[in-house]
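J.: missing the sequence, but the structure's below:
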């Protein structure tokens, strides 16, 4: 039985891939939707796959994400006064907010086509907007659990015989720092992860995603194996 793991190259998806109970091949699904960090993410996912048994990478392209406003000639609310978007530029805020649904849909479709009944996503307990490029207001409720519950009900309704696809989030009760600790405990090769919002040989160390990663390592009281490559060490 194959397990589909939505893999963006970051720590959460890497730990989710390692933490999930495996019975057969593990498929790391990496989506390129024109994000600036796509190439670096892909390298990280491929590096991670090399450290896990019976694991392969399946890349997919979602070039339509963030481009619908341009196709319709409508200025995106996330990009003031412009509907233009090219590969490697930030997603409009409204497109980024809906990205998780697009990725989950792609994961379910991959599971159907590859003969899997299981899709794994590395969602954590706390909503952390820094990872997807938008601020999250303080006190905003975490709706991940409700979202996944509703999605799985829908998937059961599509295949009522009990042989349909289900989505799992094994890290849902953990925050970022706790996920890092779990990754270290499980022996995940965290050096094969990429959290930066840009591509390059080294992470920038200053973008929101790099800062969120650094803060999580500080909270976990661990040293980031990427420290010295643009990422400050945890203290």
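T.: Received the coordinates, thanks. None of the values given here were measured: they were computed from a predicted structure. Residues are numbered from 1 along each chain as shown.
J.: can you count the residues close to the nearest residue in space to residue 112 that is not next to it in sequence?
T.: Counting by Cβ to Cβ, 6 or more residues apart in numbering, residue 165 is the residue found nearest to residue 112 once chain neighbours are left out, at 6.4 Å. Where you see a C-beta, it was placed from the backbone N, CA and C, and this is true even at glycine. Here the number of neighbours of residue 165 (other Cβ atoms under 10 Å) works out to 21.
J.: Need the pLDDT of residue 165.
T.: Model confidence at residue 165, given as pLDDT, is 91.
J.: residues in contact with residue 50?
T.: Going by Cβ atoms under 8 Å, 6 or more residues apart in numbering, residue 50 touches residue 192.
J.: Quick check: the gap between it and residue 24.
T.: According to Cβ to Cβ, to the nearest Å, residue 50 and residue 24 sit 18 Å apart.
J.: And for residue 7?
T.: Separation of residue 7 from residue 24 (Cβ to Cβ): 17 Å.
J.: These two - which one has more neighbours?
T.: Using other Cβ under 10 Å, the more surrounded residue of residue 7 and residue 24 is residue 7, with 33 against 12.
J.: isn't the more buried one right up against residue 17?
T.: Yes: between residue 7 and residue 17 there is a contact at 6.5 Å, judged by Cβ atoms under 8 Å.
J.: who touches both of these two?
T.: Going by Cβ under 8 Å, 6+ apart, residues that sit against residue 7 and also against residue 17 are 28, 48.
J.: What separation is there between residue 106 and residue 114?
T.: Residue 106 is 12 Å from residue 114, by Cβ to Cβ.
J.: burial count for the residue nearest to residue 178 when sequence neighbours are not counted?
T.: Spatially, and ignoring its direct neighbours in sequence, residue 178 is nearest to residue 220 (7.6 Å; Cβ to Cβ, 6+ apart). For residue 220, the count of nearby residues is 20 (other Cβ under 10 Å).
J.: which residues sit in contact with residue 220?
T.: For residue 220, the contacting residues are 177, 178, 180, 181, 234, by Cβ under 8 Å, 6+ apart.
J.: so what's the last one scoring on pLDDT?
T.: Same thing as residue 234. With respect to pLDDT, residue 234 scores 49.
J.: again with the first one
T.: Each residue has a pLDDT score; the one for residue 177 is 93.
J.: Check the fourth one too.
T.: In the prediction, the pLDDT value recorded for residue 181 is 97.
J.: mind listing what it touches?
T.: Contacts for residue 181 (Cβ under 8 Å, 6+ apart) come out as 220, 222.
J.: Start at 8, not 1
T.: All set: I'll call the first residue 8, so the last point we hit is now residue 188.
J.: State the phi and psi torsions of it.
T.: With angles defined as degrees, to the nearest 10, residue 188 sits at phi -60, psi -40.
J.: Quick check: it vs residue 161, distance?
T.: Distance from residue 188 to residue 161, by Cβ to Cβ: 33 Å.
J.: And for the first one?
T.: In this structure, residue 184 and residue 161 are 32 Å apart, going by Cβ to Cβ.
J.: quick one, which of the two is more surrounded?
T.: Legend: neighbour count by other Cβ under 10 Å for residue 184 and residue 161, higher for residue 184 (19 against 11).
J.: May I ask you to confirm that that one is in contact with residue 223?
T.: Yes: assessed by Cβ under 8 Å, residue 184 is found in contact with residue 223 at 4.7 Å.
J.: can you pull out the helices in the protein?
T.: Secondary structure of the chain (DSSP state H): helices at 18-26, 45-56, 75-78, 100-104, 106-121, 151-165, 183-193, 215-227.
J.: what sits up against the first one?
T.: Contacts to helix 18-26, defined as Cβ under 8 Å, 6+ apart, come from residues 12-14, 33, 35, 51, 55, 59, 62, 127-131, 138, 176-178, 183, 186-187, 189-190, 193-197, 199-200, 202, 220, 223.
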